[in-house]
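Enquirer: could you work out the structure for the sequence below:
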Amino acid sequence: MTRPTEGQRPPQFVLFSFDGVGLTPNWGMFLDAADRVDARFTAWMTGLHFLTDENAHHYQGPGPAAGNATIAFGGDENAVLEQIRYLNRTWQAGHERGTHYVGHFCSGSGYHGDQWTSANWAHELDQFFSLMTNGITTGPDLSFVPDEVRGGRTQCLEGELDQLIPAWHQYGMKWDSSMPASEPGIAWPRMIDGIWESPIPYVYSPPLGKNQTALDYNFWYTLTGAKEQPHTAERAAEITMGTYRHTFEEQYNGNRASLVIANHFNDWNGSAFNPATADFMAEVCGLVDTYSPPTPTSWRGWKSKTRTYSPPGRICRSAPPRLRASEFGAVG
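Expert: Numbering: from 1, shown residues only. Next up, the predicted model:
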């Protein structure tokens, strides 16, 4: 693949990403699905999963007492070690790692992300990176080091950019995918004070007949108020696939701005969302000019307009970085 010349259409990038990866059969399902079509995704790691339940007191979030969080810690030692094995398998398969921070403090849980200062976000990042290296007492270590983590997605997409960006710079962050889109449609990633931001899409959903934040939890909330209703699983899968497919086709046949697919490794609503997302991955990664790079900064090889990028394997493999509409002759 070569960089498009003026007037040529850019390739279509699809950024698959999963928040707070934890132990679930869906993790293995997506590793297998990605392997079959040579795709890549981003695994957003939650720091709590590096701590056993009995060691919860080693986490101190911004505000609450030590050991407090709004989601579960890592379980027993066997569960934490299994988490490490999955993360190592994910890294060895060429997927990206990012931070999903630690305590998951969202609106309604007291002092939460939208209220945090730069000092709070820096503290949370410090806790995350510390737990990456110090959360495990026995067994195998991570095969990658904290310096490999250069991007993230905040809990519940919370946080104010003017408070987040100083903390990101302090910890060497280069990219983010936390900000909900400011208007309907798909936008090209943009540079904000040295950070590449890939927004969460807000798009038209044909199955719903309205605009919708394209994230599995939001689909679930729209359908059932985020209540477990497994009898609606078929409808949930229809909404997921129908929204992703429509959005992709609009971009693939349009300006080809990159598409963020934001999911969780969850079993919500009878495991309604992930099989549809895996089917979508298999469907689009077989199309000409379609690539699933792990992150905006992992698309190495396009820093020079004259450089050629030749991805090994099939066409949905990792592709180039620093995505700018102007570089591709695209209209944003």
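Enquirer: number of nearby residues for T222?
Expert: Other residues near T222 come to 16 when the count uses other C-beta atoms under 10 Å. For glycine as for every other residue, the C-beta is placed from the backbone atoms N, C-alpha and C.
Enquirer: ok, now the one 3 residues further on?
Expert: Using other C-beta under 10 Å, G225 is surrounded by 8 other residues.
Enquirer: Q155 versus that one, what's the distance?
Expert: According to C-beta to C-beta, to the nearest Å, G225 and Q155 sit 20 Å apart.
Enquirer: pLDDT score assigned to P64?
Expert: For P64, the pLDDT comes out at 87.
Enquirer: would you list the phi and psi of the closest residue to it other than its chain neighbours?
Expert: Distances taken as C-beta to C-beta, 6 or more residues apart in numbering place G110 nearest to P64, at 6.6 Å, with adjacent residues excluded. Main-chain torsions, G110, degrees, to the nearest 10: phi 90, psi -140.
Enquirer: wait, G110 touches G63, no?
Expert: Yes. Counting by C-beta atoms under 8 Å, G110 does reach G63; the two are 6.5 Å apart.
Enquirer: tell me where the stretch 201-332 of the chain has strands.
Expert: 202-205, 210-213, 259-264, 290-291 (DSSP state E, counting those that start in this stretch).
Enquirer: out of those, flag the one nearest V14.
Expert: Among the strands of the stretch 201-332 of the chain, strand 259-264 comes nearest to V14, with 5.0 Å by C-beta to C-beta.
Enquirer: before we move on, the earlier item: around the residue nearest to P64, how many other residues sit close by?
Expert: For G110, the count of nearby residues is 13 (other C-beta under 10 Å).
Enquirer: from N120, how far off is L142?
Expert: Noted for L142: a distance of 25 Å to N120, by C-beta to C-beta.
Enquirer: repeat for W268
Expert: 29 Å.
Enquirer: what's near enough to touch the closest residue in space to T24 that isn't next to it in sequence?
Expert: Among residues not flanking T24 along the chain, F265 sits closest, at 4.7 Å (C-beta to C-beta, 6+ apart). Taking C-beta atoms under 8 Å, 6 or more residues apart in numbering as the contact definition, F265 lies against 18, 20-22, 24, 26-27, 30, 274.
Enquirer: any idea which helix is longest in this structure?
Expert: In terms of residue count, the longest helix belonging to the chain (DSSP state H) is helix 233-252.
Enquirer: where does the prediction get shaky in the stretch 201-332 of the chain?
Expert: 293-332 (pLDDT under 70).
Enquirer: all helices of it, in order?
Expert: Counting by DSSP state H, counting those that start in this stretch, the segments of the stretch 201-332 of the chain that form helices are 216-224, 233-252, 268-271, 274-284.
Enquirer: swap in the stretch 1-150 of the chain?
Expert: Under DSSP H, counting those that start in this stretch, the stretch 1-150 of the chain gives helices at 25-37, 77-92, 118-134.
Enquirer: tell me the helices and strands packed up against the shortest one.
Expert: Judged by 3 or more C-beta pairs under 8 Å, 6 or more residues apart in numbering; DSSP states H and E, helix 25-37 is in contact with strand 12-19, helix 77-92, helix 274-284.
Enquirer: dump it to PDB, restricted to CA.
Expert: Presented in PDB, the C-alpha positions along helix 25-37 are these (Å, rounded to 0.1, in the frame of the first residue of the first chain):
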ATOM      1  CA  PRO A  25     -14.700 -15.800  26.900                       C
ATOM      2  CA  ASN A  26     -15.200 -12.800  24.600                       C
ATOM      3  CA  TRP A  27     -11.500 -11.900  24.900                       C
ATOM      4  CA  GLY A  28     -10.500 -15.200  23.300                       C
ATOM      5  CA  MET A  29     -13.300 -14.900  20.800                       C
ATOM      6  CA  PHE A  30     -11.900 -11.500  19.500                       C
ATOM      7  CA  LEU A  31      -8.300 -12.700  19.500                       C
ATOM      8  CA  ASP A  32      -9.400 -15.600  17.300                       C
ATOM      9  CA  ALA A  33     -11.600 -13.400  15.100                       C
ATOM     10  CA  ALA A  34      -8.900 -10.900  14.600                       C
ATOM     11  CA  ASP A  35      -6.400 -13.600  13.800                       C
ATOM     12  CA  ARG A  36      -8.700 -15.100  11.100                       C
ATOM     13  CA  VAL A  37      -8.900 -11.800   9.200                       C
END
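Enquirer: how about the residue nearest to G28 when sequence neighbours are not counted, what does it touch?
Expert: Spatially, and ignoring its direct neighbours in sequence, G28 is nearest to Y86 (7.8 Å; C-beta to C-beta, 6+ apart). Neighbour list for Y86: 21, 23, 27-28 [criterion: C-beta under 8 Å, 6+ apart].
Enquirer: repeat for N88
Expert: Per C-beta under 8 Å, 6+ apart, neighbours of N88: 140, 142-144.
Enquirer: and which of those residues is nearest to G98?
Expert: When the contacts of N88 are compared for distance to G98 (C-beta to C-beta), F144 comes out closest, at 11.7 Å.
Enquirer: the closest one: how many residues sit nearby?
Expert: F144: 15 surrounding residues under other C-beta under 10 Å.
Enquirer: give me the neighbour count for the closest residue to it other than its chain neighbours.
Expert: In space, and not counting its chain neighbours, F144 is closest to W91: 5.1 Å by C-beta to C-beta, 6+ apart. Number of residues near W91 (other C-beta under 10 Å) recorded here: 16.
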